[in-house]
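Asks: Okay, here's the prediction I keep looking at, along with the sequence it came from:
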Amino acid sequence: MRILVSGGAGFIGSHLCDRLLADGHSVVALDNLSTGRDENLSHLSDCRSFRLIQHDICDPFEGTGPLDCVYNLASPASPRDYLAAPIETLLAGSLGTRNMLEVARRHAATFVQASTSETYGDPLVHPQPESYWGNVNPIGPRSVYDESKRFSEALAMAYHRKYGMETRVARLFNTYGPRMRRADGRVLPAFLDQVLRGEPLSVFGDGSQTRSFCYVSDIVDGLIRLARSAEPKPVNLGSPTELTVLELAEIVQDLAGAAPHVRFHPLPEDDPKRRRPDIGRARRLLGWEPRISMEEGLRRTLQWVRDSSAAEA
Ligand code: NAD
């Protein structure tokens, strides 16, 4: 198959490109390199089945030949990135998603939208099933991301209903692994960076807020299974194992062989207190669940952070 991956130079997108190429497909990555990096794809520079095109999805894309599937991952994704680019974020999820849907429609390709657990906001239902409509502040600082993704989901469903297009919506929960940017403001990259510098880990609030982290190869596998399914309605992809931020700090320090040492900071506005996916639909519809344990995933990621720090030094 010939597949387009928008946001292909980003963290998850670059792993998706690798996996699709390994499965024998030909891949075109579109990226404006705003939060992604071409180093994430530099190992593919000699690959004849791969091409990176520098392009902003907010501009129409005329295409590069036939396509069977379009994965739309292009969007600032970490709080630091989307708070620094609020309007670009809203436009990526609206205009950008429309442009990618139009590309898919033109080629009768399947369209897969990378959405997010942020569509649940600060959830009042726990764990979150796809049927939960969420508790989102529509005008708070994080709304630029949450509402852009909610709009993307609504637009994908509208294209499905109006044109009978094959559309998919993946609600991704926290994902981690090699190629995460170390200073992107998210808790896990920050912890890994701090532990390797021998600094205390920064915990926001009292650290009792929970997160669930899924290793990137599992998320990529879920996206591919979803694309192959016939399910137009949202499907959660993420780890059902919930950890408090303090527990995470402990595991990271333990794996790195560092002494326990955290520093507390005030909680940012609208920081969700609990997040855990109900993955019953992914299990049932896709036969999917995460395979890589937190310990194994963290070990691999820590190794990658060490190797990349050594390469930079
Ligand atoms: P990332 O920032 O590493 O990747 C996003 C990519 O999109 C970057 O390469 C960036 O340059 C590109 N991009 C941004 N705006 C663009 C535009 N207008 N045109 C073209 N390219 C553009 O982030 P990621 O963590 O890999 O996230 C990928 C997708 O998954 C995002 O849509 C994000 O919302 C979603 N997601 C990620 C997580 C997570 O934990 N990482 C969780 C939920 C959802």
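Replies: That came through fine. Remember, predicted model here, so these are calculated numbers, not experimental data.
Asks: Do any residues in stretch 301-313 lie close to the ligand?
Replies: No: if you take C-beta under 6 Å from any ligand atom as the test, stretch 301-313 misses the ligand, and the best it gets is 12.5 Å. In short, each C-beta sits where N, CA and C put it, glycine included.
Asks: chain center to that stretch: distance?
Replies: Its chain's C-alpha centre and that of stretch 301-313 lie 22 Å apart, by C-alpha atoms, centre = their mean, to the nearest Å.
Asks: what does it contact?
Replies: Contacts to stretch 301-313, defined as C-beta atoms under 8 Å, 6 or more residues apart in numbering, come from residues 176-180, 182, 188, 192-193, 195-196, 252, 255-256.
Asks: Out of these, which sit inside strands?
Replies: Using DSSP state E, the subset of these located in strands is residue 176.
Asks: What subset of the contacts of stretch 301-313 is buried?
Replies: 176-180, 188, 192-193, 195-196, 252, 255-256 (16 or more other C-beta atoms under 10 Å).
Asks: Spell out which residues of the stretch 51-200 of the chain are next to the ligand.
Replies: 56-58, 73-77, 81, 92, 96, 114, 116, 172, 174-175.
Asks: In PyMOL, select just the buried ones from those.
Replies: To isolate the buried members of those in PyMOL, using 16+ other C-beta under 10 Å:
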select buried, resi 56+57+58+73+74+75+76+77+81+92+96+114+116+172+174+175
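Asks: Residue 239: which of the residues of the stretch 51-200 of the chain next to the ligand is nearest?
Replies: Closest approach between those and residue 239, by C-beta to C-beta: residue 174, at 7.8 Å.
Asks: for that closest one, what are its contacts?
Replies: 117, 186, 188, 211, 212, 213, 214, 238, 239, 275.
Asks: out of these, who has the most neighbours?
Replies: Neighbour counts for these peak at residue 238, which has 29 neighbours (criterion: other C-beta atoms under 10 Å).
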